[in-house]
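Asker: Predicted coordinates and the sequence they were generated for:
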Amino acid sequence: MSLTKEELSLLELQELDLKLGQINEKFEKAPYKQRIVATRAKITEGEKRIALIEAARTELDKKITASQEEVDVLTGRMKAHQEIMQNSSDHREVEALSKELESLMKQREKSENQGMNLMEKRSEFGEAQKDTAAKVEQLKEIETRELEAYKQYFTEVKAAHNALNEQRSKLLPAISKDNLLRYENIRTTKHGIGVARYSEGKCGSCQVMVPAAQRAEIENSGGIVTCPSCKRLLIVGS
């Protein structure tokens, strides 16, 4: 028994819908899309690191300024002591100032060393910030290339999607509203497959053999029936 135009259209519609489903998966699982998300995450991480380094450098600048101010204060006090010592004839006063001057020198040396250490750390932070900024720029260049590749990929897949949808729309007029509604309802709950061929006593989708008691009825009815097992539409005929 030859298939009618409606039956052929239903089978072709099923093939198109499966292809459309595959294309939709390509949209969701596009490799470029995943790489772009990963690259953007790295960029965000790098920018956060730059911000943290900048905050640390700002804090170090405050400490370096405070250290330098302390050195200046100690230097001023040392000069004042030295002037008094040069102009004093009191042996005891000179001795006391000498001891205090020695203590001030140690304090200034300690402050200077602290300042040097802070400046070294600031320099290290500067190199780290510069290195991270360079890496972020490289990642942004990679992201730009990935975006271009994704746009090209999207354009090609979208064109294929539109072509299939155009073919699909041409098939719909040949299918009755009832059968189209049944098909759509079934395929939404049956992994995208709403219709199959009946061949050699079994459903072409679930592959379950139709019970002998129902087989003759199905084969004699012709047209579009329902699979007793999976409830999909069955096209009987060749």
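Answerer: Thanks, I have the structure now.
Asker: drop to CA atoms for contacts and neighbour counts, all remaining ones
Answerer: Will do.
Asker: ranges for the strands of this protein?
Answerer: With DSSP state E as the criterion, the chain has strands at 195-199, 202-203, 223-226, 233-236.
Asker: Just put those strands in JSON lines and tack on mean pLDDT.
Answerer: Formatted as JSON lines, these follow (pLDDT from 0 to 100):
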{"stretch": "strand 195-199", "mean pLDDT": "92"}
{"stretch": "strand 202-203", "mean pLDDT": "92"}
{"stretch": "strand 223-226", "mean pLDDT": "88"}
{"stretch": "strand 233-236", "mean pLDDT": "92"}
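Asker: Can you say which of those is nearest to Lys121?
Answerer: Proximity to Lys121, assessed across these by C-alpha to C-alpha, is greatest for strand 195-199 (71.4 Å).
Asker: which other helices and strands contact that closest one?
Answerer: If you count contacts as 3 or more C-alpha pairs under 8 Å, 6 or more residues apart in numbering; DSSP states H and E, strand 195-199 packs onto helix 5-28, strand 233-236.
Asker: Just list what the first one packs against, helices and strands only.
Answerer: Secondary structure elements in contact with helix 5-28, counted by 3+ C-alpha pairs under 8 Å, 6+ apart, are helix 91-171, strand 195-199.
Asker: can you pull the alpha-carbon coordinates of it into PDB?
Answerer: Provided in PDB are the C-alpha atoms of helix 5-28 (Å, rounded to 0.1, in the frame of the first residue of the first chain):
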ATOM      1  CA  LYS A   5       1.100  12.700   0.900                       C
ATOM      2  CA  GLU A   6       0.200  13.300   4.500                       C
ATOM      3  CA  GLU A   7       2.000  10.200   5.700                       C
ATOM      4  CA  LEU A   8       5.100  11.000   3.700                       C
ATOM      5  CA  SER A   9       5.000  14.500   5.000                       C
ATOM      6  CA  LEU A  10       4.700  13.300   8.600                       C
ATOM      7  CA  LEU A  11       7.700  11.100   8.200                       C
ATOM      8  CA  GLU A  12       9.700  13.800   6.500                       C
ATOM      9  CA  LEU A  13       8.600  16.200   9.300                       C
ATOM     10  CA  GLN A  14      10.000  13.800  11.800                       C
ATOM     11  CA  GLU A  15      13.400  13.700  10.100                       C
ATOM     12  CA  LEU A  16      13.500  17.500   9.900                       C
ATOM     13  CA  ASP A  17      12.600  17.900  13.600                       C
ATOM     14  CA  LEU A  18      15.300  15.500  14.600                       C
ATOM     15  CA  LYS A  19      17.800  17.500  12.600                       C
ATOM     16  CA  LEU A  20      16.500  20.700  14.200                       C
ATOM     17  CA  GLY A  21      17.000  19.100  17.600                       C
ATOM     18  CA  GLN A  22      20.600  18.300  16.800                       C
ATOM     19  CA  ILE A  23      21.100  21.900  15.700                       C
ATOM     20  CA  ASN A  24      19.600  23.200  18.900                       C
ATOM     21  CA  GLU A  25      22.100  21.100  20.800                       C
ATOM     22  CA  LYS A  26      24.900  22.600  18.700                       C
ATOM     23  CA  PHE A  27      23.800  26.000  19.900                       C
ATOM     24  CA  GLU A  28      23.800  25.000  23.500                       C
END
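Asker: What separation do you get for Tyr216 and Leu234?
Answerer: Not quite, residue 216 is Ala, not Tyr. Counting by C-alpha to C-alpha, to the nearest Å, the separation of Ala216 from Leu234 is 14 Å.
Asker: For the two, indicate the residue with more neighbours.
Answerer: Here Ala216 and Leu234 are compared on neighbour count by other C-alpha atoms under 10 Å; more neighbours surround Leu234, at 26 against 12.
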